[in-house]
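>>> I need the structure of the sequence given here:
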Amino acid sequence: MADSPLVPPHDLEAERGVIGSILLDTAGIDDDGRVFDLCAAKGIVPDSFFGARNRVIFETLLEMARATMPVDAITLNDRLRASNRLEAAGGVGYIQSLIDSTPTAAHAEYYIDIVRQKHLLRQLINTARETERKCFGEEGAANADILLGEVEKKFLSISGGVAEGMGWKKAVDESLRAIERTFDRGAGSFTGLSTGFRDLDITLQGMQPGSMIVIAARPSVGKTSLAMNIAECAALGQNIAGGPMKDDNARPHPTLVFSLEMSTESLANRMLCGRAGVSSWRIQHGVMAKEERARASSQLFAAAGQLGQAPLYVDDAGGLDIMDIRARARRMKRSKGIELIVIDYLQLCNCREFARQGRQIETSQISGQIKAMAKELKIPVIVLSQLTRGSEQRGDKKEEPKLSDLRDSGAIEQDADVVLLLRRPSRTPSDPEHDKENLAIVNVAKNRNGPTGNVRMNFYGDKTRFGDRDRSEDEPDAVPADSEPVDLPV
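Numbers count the residues shown, from 1 in each chain. Model prediction:
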């Protein structure tokens, strides 16, 4: 019978075929339970059945399977009778008719797929109706963007089956192939997306898919500059010196930046001057001589030509809800193939659902959602974070920040795969290396899949740009980056 427009999509014959196949499957629970396995693999649940009697019977069969009870018509009748559900299931006659109307259990997979498809359609209809109700209600009037993100998430969650992770054997095979590719590339290669910085890549082995990378520092130390330098390198497919990314053939990697603090124009100005190697301060204050202006103009035009073609996308909407960020990132992943996300910065994100439960709980939820986004999209996500004044109050001459200084919540430390704590000794008068004006130290304080330790870099404040640091820039008694002791993860 064709589905009426007013009746939700369903196929009672296919539902009876699934239950009949289970009862005919003589292997049952004592052997492989093939039909039960097929149902589990396709995500068939009691709600997948439209017919009330079929739903009660399937739910009972599941209970029997979990209790490792033998499954056949007689044991099913006994179970239904004991739980006072035999009448709701249609009685003994209806159960026998399920067996009689099912010619063979060999076609169970076909019946299961029909039931699954009809259940999917009903879920889509229900979600659409709920969306319509919210659009006409207070939710739609409050914030249409947030509602769009919530609705998109609900529609995408309708998968019609159990989300199957990668099987163990497949995971082992994939890991072996990745190791073999590393062997083929030779020494100095790495598996993740390059940061564009030589020594940072050596420590991190690149930015791994699905990883949450936190760059944390006190205000005005350079965390935004470092993150934008990495974003620039990824989008251009070049390292910070302008050469091709190692083992990547200078392939551009589409990058999305959520700039909750700075406007797109400010970021573009900063990146353009940094790429051109021109002091933005000297431009703004008009202190350049004529020849210097001509040279700077030529460099800026060349940098603009490169950056203008880069697949770099900036969203500078302020005060975004974390669910809205996830929805926008999901859309950009589908439409632009985003391979890296930067969020500047975590403490400016909101989580409407937990906003009234205190900033610590809200920040924990935001951090967890960012990690979930990285795993869902299978790309690295860099998130910037503020630090407390702890490093300034401990009496340490170097004022080295620690993981415990991460602001608002310890969940950031727990959720992150990598934590980079940035400091510049020249900003601390008591630091033994205070006189090294360009020195920046990135402490890899947490690295879930690799070593920890300090990475020494250069920072050029007038150009707001980081760079690789040559060993010759330090005195002989200073510890070079490649010989510092590292802590391997346990």
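>>> Low-confidence regions, the stretch 351-490 of the chain specifically.
391-392, 394-395, 408-409, 474-490 (pLDDT under 70).
>>> the strands in it, which residues?
With DSSP state E, counting those that start in this stretch, the ranges of strands along the stretch 351-490 of the chain come out as 381-386, 418-423, 439-447, 453-460, 465-468.
>>> Reformat the ones you listed as JSON lines; add mean neighbour count and distance to Leu193.
Any C-beta I mention is one placed from the backbone N, CA and C, and that applies to glycine too. Formatted as JSON lines, the strands of the stretch 351-490 of the chain follow (neighbours: other Cβ atoms under 10 Å; distance: least, Cβ to Cβ, whole Å):
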{"stretch": "strand 381-386", "mean neighbour count": "25", "distance to Leu193": "10"}
{"stretch": "strand 418-423", "mean neighbour count": "25", "distance to Leu193": "12"}
{"stretch": "strand 439-447", "mean neighbour count": "22", "distance to Leu193": "15"}
{"stretch": "strand 453-460", "mean neighbour count": "21", "distance to Leu193": "17"}
{"stretch": "strand 465-468", "mean neighbour count": "21", "distance to Leu193": "17"}
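>>> a markdown table for these, including distance to Ser83?
Formatted as a markdown table, the strands of the stretch 351-490 of the chain follow (distance: least, Cβ to Cβ, whole Å):
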| stretch | distance to Ser83 |
| --- | --- |
| strand 381-386 | 48 |
| strand 418-423 | 52 |
| strand 439-447 | 52 |
| strand 453-460 | 62 |
| strand 465-468 | 68 |
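>>> for Asn438, phi and psi?
When read as degrees, to the nearest 10, the backbone of Asn438 gives phi -90, psi 0.
>>> Look up how far Arg424 lies from it.
With distances taken as Cβ to Cβ, to the nearest Å, Asn438 is found 9 Å from Arg424.
>>> Overlap in contacts, the two.
Phe459 (Cβ atoms under 8 Å, 6 or more residues apart in numbering).
>>> More neighbours: these two, which one.
Using other Cβ atoms under 10 Å as the criterion, Asn438 and Arg424 rank with Arg424 on top: 23 against 15.
>>> Hmm, the more buried one is touching Ala440, no?
Yes - the pair Arg424 / Ala440 is scored as a contact, 5.1 Å apart, by Cβ atoms under 8 Å.
>>> Overlap in contacts, the two.
Gly222, Phe459.
>>> okay, stretch 54-65 in PDB with CA atoms only?
The C-alpha trace of stretch 54-65 is given here as PDB (Å, rounded to 0.1, in the frame of the first residue of the first chain):
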ATOM      1  CA  ASN A  54       6.400  -5.000  16.000                       C
ATOM      2  CA  ARG A  55       8.100  -2.500  18.200                       C
ATOM      3  CA  VAL A  56       7.100  -4.400  21.400                       C
ATOM      4  CA  ILE A  57       8.300  -7.700  19.900                       C
ATOM      5  CA  PHE A  58      11.600  -6.400  18.800                       C
ATOM      6  CA  GLU A  59      12.200  -4.700  22.100                       C
ATOM      7  CA  THR A  60      11.500  -8.000  23.900                       C
ATOM      8  CA  LEU A  61      13.800  -9.900  21.500                       C
ATOM      9  CA  LEU A  62      16.600  -7.500  22.300                       C
ATOM     10  CA  GLU A  63      16.100  -8.000  26.100                       C
ATOM     11  CA  MET A  64      16.300 -11.800  25.500                       C
ATOM     12  CA  ALA A  65      19.500 -11.400  23.400                       C
END
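>>> coming back round to it: and of the strands of the stretch 351-490 of the chain, who's closest to Ser101?
Distance to Ser101, taken as Cβ to Cβ, is lowest for strand 381-386 among the strands of the stretch 351-490 of the chain, at 52.7 Å.
>>> got the buried residues for the one helix or strand Arg116 maps to?
Using DSSP states H and E, the element containing Arg116 is helix 108-136. Residues of helix 108-136 classed as buried: 108-109, 111-116, 118-121, 123, 131, 134 (neighbour count, 16 or more other Cβ atoms under 10 Å).
>>> swap in stretch 64-72?
Met64, Ala65, Val71.
>>> first vs last residue of that stretch, how far apart are they?
End-to-end distance for stretch 64-72, by Cα to Cα, to the nearest Å: 10 Å.
>>> Which helix or strand in this structure has the lowest average pLDDT?
helix 138-142 (a mean of 63; mean pLDDT, DSSP states H and E).
>>> Distance check, Gly149 against Thr255.
21 Å.
>>> Of the two, which one has the most company?
A side-by-side neighbour count of Gly149 and Thr255, using other Cβ under 10 Å, places Thr255 first with 28 against 23.
>>> Relative to Ile343, how far out is the more buried one?
12 Å.
>>> The helix holding Arg116 - contacts with which helices or strands?
Judged by 3 or more Cβ pairs under 8 Å, 6 or more residues apart in numbering; DSSP states H and E, helix 108-136 is in contact with helix 12-24, helix 34-41, helix 144-157.
>>> of those, which approaches Thr203 most closely?
Using Cβ to Cβ, the nearest of the helices and strands packed on helix 108-136 to Thr203 is helix 144-157, at 35.2 Å.
>>> Just the buried residues of that closest one, please?
In helix 144-157, counting by 16+ other Cβ under 10 Å, buried: Ile146, Leu147, Leu148, Gly149, Glu150, Val151, Glu152.
>>> closest to Asp321 among these?
Ile146 (5.3 Å).
>>> Return the distance of the closest one relative to Gln347.
19 Å.
>>> cool, Gly390 as well?
16 Å.
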